[in-house]
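**Q** Sequence and computational prediction follow.
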Amino acid sequence: MPVSKSQEWLKEEAHLKEIYAKLQEMQIKVEQASHEEDETSRNFVRNLSDDIKMNTNSPIDSFESLIEIEAKNQQLAQLKFKREWLERQKDSIEKLLASPYFAKLDVQYPDEASTESFYIGVAGFSDEQTHEQYIQDWRSPIANLYYENDLGPTSYEAPMGQVEVDLQNRRQIKVEKNDLLQFFDTATAIEDPMLLEVLGEESTAKLQDITSTIQKEQNAIIRDTKSDVLIVEGIAGSGKTSTVLQRIAFLLYRYREDLRAEQVLLLSPNPMFSKYIEEVLPSLGEKNPRQMTYRDLIQYPGSKRHIETLEEQLQISEYTSSVEAMKQLEAYVSHLTPSDLALRPLVKGDEEVISTQWMREKLATLPEDIAMYRKLDYLREQMSERLRQVIKEEAKKQKWRDKLENLSNEEYNQVFGVNKQGGKEQDLDKVVFQLVSRHYQVLRGKIQHYQWLNLQEHYYLATGNQLRDNISLDLGTEFAYFYYLMLRPTVDRQMKFMIVDEIQDYSEAQLYYLAQVFPKTRFTLVGDRYQAIFAQGVTFPRIAEIFKGDNRNIRQLSLLKSYRSSGPISRFMQQLISQKQGEVEIINRPGKEPEVLGFKDNDAYVTYLKNWLNQQATQERSVILTKDSQEALQVMSQLKEVAGLSAITHSSKMLFDSHLLVMPIYLAKGLEFDNVLVHNASKERFNTEKELNMLYTASSRAMHTLSVPYVGEKSSWL
Ligand SMILES: Nc1ncnc2c1ncn2[C@@H]1O[C@H](COP(=O)(O)OP(=O)(O)OP(=O)(O)O)[C@@H](O)[C@H]1O
C-alpha cells in the first residue's frame, strides 16, 4: 500500500513532477520542430520545379542536370529521415506523458560513493544538451536488472561488456500522467502486486502489452540473442503470444541499426489473430512486422489452388506428408538432369516462338555440376534475350508498319497513351518495336514465371501425387518445397527473424519446410502440446530434431504459469492435463470455482445456456465454445432470442466489439474472454485425446469464470 505522504512518497512525487515538466517542455520543442520541418518540406517541393531544369543541349549539360537531381534526391531523403525521426519522438513523448515510467532501480556501482537511480519506462527520454538519461527504455541493458529481479550483487550486459553492480532496491511505480498512484519495493512483496492487479482487470477485445509486468522467465525469452532457434513450450495463458510480441519490440531495438520491421515475419494461426494482436507493437512505438498465415507463405507465384481451410484441416486432412517424403523430393531434384526436364515450347497462338529443342541446346552448353535452379535461371535469362531478338526481327516486317498505319487515332492512343502523329522515320522504328513488344508481352510473364517448365509433371514423377484444384495443407507444403528446390526464389532469404505461434499445430513436413527454406533466419517457435487439435501436429521433441541441421544453436525454454486464468481455473486446467503428465503452476489469484453441471435433457440444458448468457455483466466478454462452426450455428439457432448474441464461424468475421459470442474452439485459439462456457462436455463428445486437448484449449480461454455443463454423462476427462 502507498506509504501515506512519507518522506519517500514526497520525494517520488517531486521527481515525477520534475520529469513530467521536462516531458512537456520537450513536447513543445518537438511540435515546433515538426511544424518547421513541415514548412521546409513544403518550400522544398514548391521550389523543386524551379530548381531543376533538365538541360539536354549537350552531354555535359545533361550530366550536370542529373547531378543536380541527385543532390535534390539526397536532400529529400534527409527531409524524410528527419520527419520520421520527429514523428517517432512525438509518439514516444506522447506515450511517456500518459505514464512516464513504471519502475525505479537503485544501483550501487563498485567504485562510487552513492547509489544511482534509474527510472524505466516504455521509451527512453534524455536531456538534449547534457544527454542525462531521465528515463531508460525498458529494452535498454540496465532495465534487464528490473526484470531479472535479483537484489544484491548482480550484473548486466552493456555494449562494453559485463557490468557488475549491487542492486539495492527495485521499485514498481504506478503513475498516471503526473500523478503518483502507488509504489512497491520488491523486498517487501511476496508475489508481484502490480501483476496481480493487472490480471484482475476485465478482458479487452485486443491483446495489450505487458511491458511493466514482464516476468523473469518471460524476460529470458524476450532478450535471448544467442539462439538460432528458440523453442518455447508454455501452457495456455502463460504469455507466449505476449512474450513473442515483446521480443519483436526488443529485437527491433537491440538491432535497430540493421533490422527493419519487414525483416521480421510473424506467422499467425489465422487472419483474425493478426487483428487481435495489432495494437501491441504500436503501443510500444514499433511498427508491426510482416504477418501472414502459413497458408499464405506457401502460395507460390501464379498458384490458384485452394488449400484446405482450418475447418477442413480439423475434420479431414486427407493427405499428410512427412520429413521422409520431403527428403525424397530433395533426392529427386538432385538427380535431375537437363535431358529429364519436362519442357513446354513458348507459343503465341499457333506460332512457336521458342522451341524446347532450342532450350535443351542452351542447357547443354552448361557444365554438369551446376545446380538445377541455376541452370533454369540461366535458361530463363536466355529466353528473355531470345524473345527480344524475335521482337526485333519481327519489327522489321512491313506488316507491322501497315498495322500501325491502320490504327485509328483512338486505338493508337489506347496502345501508346499519346496521340498519333506522323513522325520521323527513326521514331517510327521505335513505335513499331513497341507495338510488337506489346503483342508478345504475355510471353514475358510466361518466361518469368517458368510456365515453360512442367513442374506438376515433375512433382508427379517424384511422388506419384496428382495436384488437384483442392489440396491439403501438407500437399501444398510438399509442392511449395518442390517449387523451392527446383527454382530457389530469392525473396524469402531476406527474412532475419521468424516467429511462429501455435507451433504444435504444424506438421513435421511443414516445420521441415521452414527449416530448409529459411536457412539463415533465426526462429522463435512457441506452442503448447496440450492445445494440439489438428491430426498432423508435431511433438515437441521432434521440433528440435527437425531444426537441428547446419549447426543451428537450439535453446528450449518453458512457461508453466497461466497468467490469464484465475487460481481455480488454473487448477481445473492442471487436473485436465495431469492425466497426461502435464504441469501447471498455479498463480495466487482468487476466483470462482469452475461450474461442472449435468443436465438430463436438451431442454433443461438450453434453459441453462440462456440463463448463463443473461447473467453475464454487460461490460464483460463472454463466449460459448463449440467443437466446430456448424455446431456454433446450431447453438445460435437455439438461443436466437438472447439479445446481443453473435455467432462467429469464420476467421475473417470476428466481431471484436461484441460481448456475447458463440464460436468454434479452433477460432478462439489464442484469444481470451472473461467468462467461458464449453458447450456440452458429455462423455461421447469429449472422449479421445484430441478431444481432451479441445476441452483444455476451450477451458483455458477463461480469465475469471468457467462453466463446463454436459447433457447425460460427463466426459471421463472431467
Ligand atoms: N507478465 C505478464 N503481465 C501481465 N499480463 C500477462 C503477463 N503475461 C501474460 N499476461 C496476460 O495473460 C494473458 C495470456 O497471455 P497470452 O495470450 O500471451 O498467452 P499464451 O501463452 O499465448 O496463451 P494461449 O496459448 O492460451 O493462446 C493475456 O491477457 C496477457 O496479457
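**A** Done, it's in.

**Q** Quickly note the distance from Met495 to the ligand.
**A** 22 Å (Cβ to the nearest ligand atom, to the nearest Å). For the C-beta atoms, the positions are set from N, CA and C on the backbone; glycine is no exception.

**Q** Hmm, Phe518 and that residue touching each other?
**A** Yes - counting by Cβ atoms under 8 Å, Met495 does reach Phe518; the two are 5.9 Å apart.

**Q** Leaving out sequence neighbours, find the closest residue to Glu116.
**A** Excluding the flanking residues, the one nearest Glu116 by Cβ to Cβ, 6 or more residues apart in numbering is Val107, at 5.4 Å.

**Q** who touches that neighbour in this structure?
**A** Shown in contact with Val107 (Cβ atoms under 8 Å, 6 or more residues apart in numbering): Thr115, Glu116, Ser117, Phe118, Ile142, Leu145, Val165, Asp166, Leu167, Gln168.

**Q** tell me the phi and psi of Val347?
**A** Backbone dihedrals for Val347, given as degrees, to the nearest 10, come out at phi -120, psi 150.

**Q** Leaving aside the residues adjacent along the chain, what's closest to Ser566?
**A** Of all residues not flanking Ser566 in the chain, Gly591 sits nearest, at 2.8 Å (Cβ to Cβ, 6+ apart).

**Q** hang on, that neighbour in a strand?
**A** No - checked against DSSP: H, G, I helix; E, B strand; the rest coil, Gly591 lies outside a strand; its state is coil.

**Q** all helices of the stretch 51-200 of the chain, in order?
**A** 59-98, 144-148, 193-199 (DSSP state H, counting those that start in this stretch).

**Q** Now do the next helix or strand after the last one: distance to the chain's middle.
**A** The reference is to helix 193-199. Next helix or strand after helix 193-199 toward the C-terminus (DSSP states H and E): helix 216-222. Distance of helix 216-222 from the chain centroid (Cα atoms, centre = their mean, to the nearest Å) equals 19 Å.

**Q** Which strands and helices lie in contact with helix 216-222?
**A** If you count contacts as 3 or more Cβ pairs under 8 Å, 6 or more residues apart in numbering; DSSP states H and E, helix 216-222 packs onto helix 144-148, helix 240-254, strand 554-559.

**Q** Contacts for that helix next, please.
**A** 144, 147-149, 210, 214, 230, 232, 239, 242-244, 246-247, 250, 524, 557, 559, 561.

**Q** okay, now Glu202: neighbour count?
**A** For Glu202, the count of nearby residues is 11 (other Cβ atoms under 10 Å).

**Q** What's the separation between it and Val676?
**A** Separation of Glu202 from Val676 (Cβ to Cβ, to the nearest Å): 14 Å.

**Q** near the ligand, which residues of this structure show up?
**A** With Cβ under 6 Å from any ligand atom as the criterion, the chain meets the ligand at residues 195, 198-199, 208, 210, 213-215, 218, 234, 236-242, 528, 531, 563-564, 670, 672, 700.

**Q** Not counting its neighbours along the chain, what's nearest the residue in the stretch 1-150 of the chain positioned nearest to the ligand?
**A** Of all residues in the stretch 1-150 of the chain, Tyr147 sits closest to the ligand, at 9.6 Å by Cβ to the nearest ligand atom. Sequence neighbours aside, Asn219 is the residue nearest to Tyr147 in space, at 3.8 Å (criterion: Cβ to Cβ, 6+ apart).

**Q** burial measure for that neighbour, as a count.
**A** 20.

**Q** Quick check: the gap between it and Ala604.
**A** From Asn219 to Ala604 the distance is 49 Å (Cβ to Cβ).

**Q** Which stretches in the stretch 451-600 of the chain count as strands?
**A** 470-471, 497-500, 522-527, 554-559, 598-599 (DSSP state E, counting those that start in this stretch).

**Q** Give me whichever of these is most buried.
**A** Greatest average neighbour count among the strands of the stretch 451-600 of the chain goes to strand 522-527 (a mean of 24), per mean count of other Cβ atoms under 10 Å.

**Q** Within its sheet, name the partner strands of that one and how each one runs.
**A** As defined by DSSP bridges, the strand partners of strand 522-527 come to strand 229-234 (parallel), strand 497-500 (parallel).

**Q** so where does the residue nearest the centre of the chain fall, helix or strand?
**A** Using Cα atoms, centre = their mean, the residue of the chain that lies closest to the mean C-alpha position is Leu266, 2.2 Å off. Per DSSP H and E, Leu266 falls inside strand 264-267.

**Q** can you check Glu311 too?
**A** Going by DSSP H and E, Glu311 is in helix 310-315.

**Q** Just the C-alphas of that helix, formatted as CSV.
**A** This file holds the C-alpha atoms of helix 310-315, laid out as CSV (Å, rounded to 0.1, in the frame of the first residue of the first chain):
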residue,chain,number,x,y,z
LEU,A,310,-8.7,-24.5,-40.9
GLU,A,311,-12.0,-26.2,-40.5
GLU,A,312,-11.3,-28.7,-43.3
GLN,A,313,-7.9,-29.4,-41.8
LEU,A,314,-9.6,-30.1,-38.4
GLN,A,315,-12.0,-32.5,-39.9
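
**Q** what does the next helix-or-strand element following that helix rub up against?
**A** Helices and strands here follow DSSP H and E; after helix 310-315, the next one along the chain is helix 323-335. Helix 323-335 is contacted by residues 372, 458, 461-463, 478, 481-482, 485-486, 508-509, 512-513, 516, 546 when judged by Cβ under 8 Å, 6+ apart.

**Q** Can you list which of those are found in helices?
**A** The helices, defined by DSSP state H, take in 372, 458, 461-463, 478, 481-482, 485-486, 508-509, 512-513, 516, 546 from the contacts of helix 323-335.

**Q** ok, of those residues, which one's closest to Leu692?
**A** Relative to Leu692, the closest of the ones in helices among the contacts of helix 323-335 is Glu508; by Cβ to Cβ it sits at 21.9 Å.
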